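Chemist: have a look at this fold, sequence not included:
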């Protein structure tokens, strides 16, 4: 079956703009998590959604937001972009239950803020 | 605070040798751990996982060892190949999230 799909793969935005990234999880998976990866901070947790509800949120400013749709696809939005938001944004998909929590990642979206 | 750390940022091994990548975690209540491999330009790829009720788990050429007494996790790769060159992360399950270590870069020398 198809893996986790993230679009777009690459983005270049200007400071102050906003951006929306998309993630389609593995079919049947109801949990989608987002992570920011930078050389200096490594993989940092942004938020997790399960059945359209946010269950956990990391320590990021309110400019970072997300949502999940009824088909489990998820989007994350970053408003008022800053240079420091340049990173690889990764989406992880899992069944999201206690018994089955294996998380599988997409290729990521490389965001560059100039 | 929460942290999952790696002892060595870079590990160089000869092709054909065994590799051992180490990881320390801080939450003694953690019940599930995953090792990921990340190649340049790609997302992390699931390698192997282990639950806290196990000490060892084997996959194809990989073995994960869990020592709960000292909160230590290791990934052993047998007969390391050039295709194993990548950054390896351990991850600890938290509440609806994973906590990642900083990563170890594995370089395979010909």
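Modeler: Structure received. None of these values were measured; they are calculated from a predicted model.
Chemist: so in chain B, where's the weakest helix or strand by average pLDDT?
Modeler: Within chain B, no helix or strand scores below strand B:4-5, which has a mean of 48 by mean pLDDT, DSSP states H and E.
Chemist: after that strand, next one along is what?
Modeler: Beyond strand B:4-5 on the C-terminal side, the first helix or strand identified by DSSP states H and E is strand B:10-14.
Chemist: residue B:48: what's its closest spatial neighbour, skipping adjacent residues?
Modeler: residue B:59 (4.6 Å; Cβ to Cβ, 6 or more residues apart in numbering or on different chains). No exception for glycine: its C-beta is placed from N, CA and C like everyone else's.
Chemist: centre of the chain to stretch A:76-91, how far?
Modeler: Here stretch A:76-91 is found 10 Å from its chain centre; the criterion is Cα atoms, centre = their mean, to the nearest Å.
Chemist: please see if it touches chain B.
Modeler: Yes - legend: contact between stretch A:76-91 and chain B by Cβ under 8 Å from any Cβ of the partner chain is shown at residue A:90.
Chemist: and the residue nearest the centre of chain A, helix, strand or coil?
Modeler: By Cα atoms, centre = their mean, chain A has its centre lying nearest to residue A:34, at 3.1 Å. The local conformation at residue A:34, judged by DSSP: H, G, I helix; E, B strand; the rest coil, is strand.
Chemist: any idea how far it is from residue B:28?
Modeler: Between residue A:34 and residue B:28 the computed distance is 27 Å (Cβ to Cβ, to the nearest Å).
Chemist: please apply the same query to residue B:76.
Modeler: 23 Å.
Chemist: between those two, who's got more neighbours?
Modeler: Neighbours were tallied for residue B:76 and for residue B:28 using other Cβ atoms under 10 Å in any protein chain shown; the higher tally belongs to residue B:76 (16 against 9).
Chemist: contacting residues for the residue nearest to the centre of chain A?
Modeler: A:23, A:45, A:46, A:47, A:48, A:66, A:74, A:76, A:89, A:90, A:91, A:92 (Cβ atoms under 8 Å, 6 or more residues apart in numbering or on different chains).
Chemist: inside helices: which ones of the residues you listed?
Modeler: Nothing among the contacts of residue A:34 maps onto helices, per DSSP state H.
Chemist: Throw the residues you listed into TSV and include pLDDT, thanks.
Modeler: Listed next are those as TSV, based on pLDDT from 0 to 100:
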residue	pLDDT
A:23	98
A:45	95
A:46	97
A:47	95
A:48	95
A:66	97
A:74	98
A:76	98
A:89	97
A:90	97
A:91	97
A:92	95
